[in-house]
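Asker: return a 3D structure for these sequence lines:
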Amino acid sequence: MSGLKQLRNRVKSVKSTQKITKAMQVVSAAKLRRVKSRAEVLDDYSSVLVKMMNDIRLNINFIDLNPIDRKFFKEDITGKSCLFVVMTSERGLCGSFNSQIIRAVKRDIAKFAERNIKVRLIVVGKKGYDALKGGYSDIIEEYYHVTKEQFLPVVLQIKDKIINLTEQDEIGGCYLYYNEFKNALTQIMTRISVFPVEQLDENQQKNSEVSTSLFEYEGSNLANTLINLYITGVIKYGFLQNKASEEAARMTAMDNATRNAGELIDKLTLKLNRSRQAIITTELTEIISGAEAL
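Answerer: Numbering: from 1, shown residues only. Model (predicted):
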C-alpha cells in the first residue's frame, strides 16, 4: 500500500505543478498582447529615425556637424573601450531566451579581447547580470526589476550614459543586444550598432519610403537632437521587443511544461491503476485459496 500512496502523492504533486504552469502561460499570453501592441507602435517611428541617421552618415561630409556629433557616425575604437547594452529577463522559466543572448555577448567579448579592446557593459535584467558578473567584463550599470512605471526613466538613463561616455571619449562604439519578436514561437537574437550608425543595405535604401532628398538639416543643434531621439528610440524599441520575446518564450515554455505534466499524469495514473489492480487480484487469489483449503 505504501507504493500506492507514493504514486497518489506524486500524481497530486504533478497536478499542482500543472495548474501553476497553466496559470503562468495565461498570464504571459496576456502580457504578450499588451507589450506586442506597444512595440508595434514604435516600428514606423524607429524606421524613420534609422533612415534619417543613415542619411546623415552617407552625407556627413556635406553637413556641418560639430566634432562631438561626428563621433556617433564614425567608428574610432583606437585606445578606447566598446560599450555593450545587454537586454535580458528578470526571471527564468523562458527556455533559451537568456542563454542565446549571453552566449552571443560572451563570444563578442572574446573577439574584442583578441583585438585588445576592452568591453564595458550595461546590463538590463537580473539573469544577464548573474551570468556576466563573473569577470567577463566591466559592468558599469545594471538595472533590476524594471516595471512599466520605471521603463522610460531607465531608457533615458541608458541614453544619457551612452552620450556622456561618448562625449568624454571613453568609448568608441556601442552595440545593443536583445531578442527580436517574430511570433510566439520565434525570437531572434539581434545585435545592432547604436553607433557608429549602421548603413542600410541596398534593398532597404531602394524600398525606403523616405527619400534622402527630402531631408534638410537646418537649425541650431538639430543633429544633436536627432542623435538623442535616435538613441532613445533604439533603446526603447529594443527593450519592448525583448520584453515581448520574453513573454512569448515563457508562454511557449509553460505550454510545453503543461502538456508534459499532462502526459506524466496519464502515465502515473496508468501505473497506479495497474498496481491497485495487481493488489486486488492478489488479495482475491488469497481469499479463494483460503476458501478452497477449508
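Asker: the stretch 151-294 of the chain: helices as residue ranges?
Answerer: 151-167, 202-206, 222-293 (DSSP state H, counting those that start in this stretch).
Asker: and those: which comes nearest Ile68?
Answerer: Ile68 sits nearest to helix 151-167 of all the helices of the stretch 151-294 of the chain, at 5.5 Å, using Cβ to Cβ. All C-beta spots, glycine's among them, are computed from the backbone N, C-alpha and C.
Asker: for that closest one, packing partners?
Answerer: strand 81-87, strand 119-124, strand 138-143, strand 171-183, strand 186-195, helix 222-293 (3 or more Cβ pairs under 8 Å, 6 or more residues apart in numbering; DSSP states H and E).
Asker: given the fifth one, what are its sheet partners and their directions?
Answerer: If I follow you right, that is strand 186-195. Here strand 186-195 has these sheet partners by DSSP bridges: strand 171-183 (antiparallel).
Asker: export the strand it pairs with to CSV, keeping only CA atoms.
Answerer: Extracted in CSV, the C-alpha atoms of strand 171-183 (Å, rounded to 0.1, in the frame of the first residue of the first chain):
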residue,chain,number,x,y,z
ILE,A,171,34.0,54.6,-25.7
GLY,A,172,34.4,54.4,-29.5
GLY,A,173,31.3,52.2,-30.3
CYS,A,174,28.1,50.9,-28.8
TYR,A,175,26.1,47.7,-29.5
LEU,A,176,22.7,46.7,-28.3
TYR,A,177,21.8,43.0,-27.7
TYR,A,178,18.2,41.9,-27.5
ASN,A,179,15.7,39.3,-28.7
GLU,A,180,13.6,40.5,-31.6
PHE,A,181,10.0,39.2,-31.5
LYS,A,182,8.8,37.5,-34.7
ASN,A,183,6.0,35.3,-33.4
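Asker: so it versus strand 119-124, what angle?
Answerer: Here the directions of strand 171-183 and strand 119-124 differ by 40 degrees (axes from the mean of the first three to the mean of the last three Cα atoms, to 10 degrees).
Asker: can you give me how far strand 171-183 is from the chain middle?
Answerer: 9 Å (Cα atoms, centre = their mean, to the nearest Å).
Asker: pull out the buried residues from it.
Answerer: Neighbour counts using 16 or more other Cβ atoms under 10 Å place Ile171, Gly172, Gly173, Cys174, Tyr175, Leu176, Tyr177, Tyr178, Asn179, Glu180, Phe181 of strand 171-183 among the buried residues.
Asker: re earlier: and Gln25, which of the helices and strands packed on helix 151-167 is closest to it?
Answerer: With Cβ to Cβ as the yardstick, what comes closest out of the helices and strands packed on helix 151-167 is helix 222-293 (3.8 Å).
Asker: what mean pLDDT does stretch 83-90 get?
Answerer: What stretch 83-90 shows for mean pLDDT is 90.
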